[in-house]
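Q: Please work out how this folds:
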Amino acid sequence: MPSARRPTHLGRGTSDTRLQATEEKKQGSEATKQELGMEYYAGLLKTDVRIDNGSSANDMLFRNMQLAGGVTGLLGLLLLGFMASNGLL
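A: Predicted coordinates:
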């Protein structure tokens, strides 16, 4: 059990408070797992895949194009950085 004493100084945080926060997170996640039960996981398997959130094909295309544009831009920057670091520009 964590001790009930509090740190007597003001600082960035002590190992006692970090340990206590970690223990609280563990207890919270275990409680969440216990609350879900078998009905939740059975619903994941039994729910029809065709039931969606009402997004159209245009919405999905737009998101895919955003992803492709972002990846292309990132790869372009990496290529430019590589060429600049090797004196090719």
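Q: Give me the below-cutoff pLDDT ranges for this structure.
A: Within the chain, the segments meeting pLDDT under 70 span 1-19, 21-22, 24-34, 52-53.
Q: domains in it, as residue ranges please.
A: Following automatic domain parsing, the chain resolves into domains at 1-51, 55-89.
Q: This protein: helices as residue ranges?
A: Secondary structure of the chain, counting by DSSP state H: helices at 15-46, 57-85.
Q: Is it possible to get TSV of these that adds mean neighbour count?
A: For glycine as for every other residue, the C-beta is placed from the backbone atoms N, C-alpha and C. Shown next, in TSV, are the helices of the chain (neighbours: other C-beta atoms under 10 Å):
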stretch	mean neighbour count
helix 15-46	10
helix 57-85	10
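Q: residue contacts, G37?
A: By C-beta atoms under 8 Å, 6 or more residues apart in numbering, G37 lies in contact with nothing.
Q: Okay, it and T47: tell me how far apart.
A: According to C-beta to C-beta, to the nearest Å, G37 and T47 sit 16 Å apart.
Q: Please apply the same query to A68.
A: Distance from A68 to T47, by C-beta to C-beta: 29 Å.
Q: Check N86 too.
A: Distance from N86 to T47, counting by C-beta to C-beta: 52 Å.
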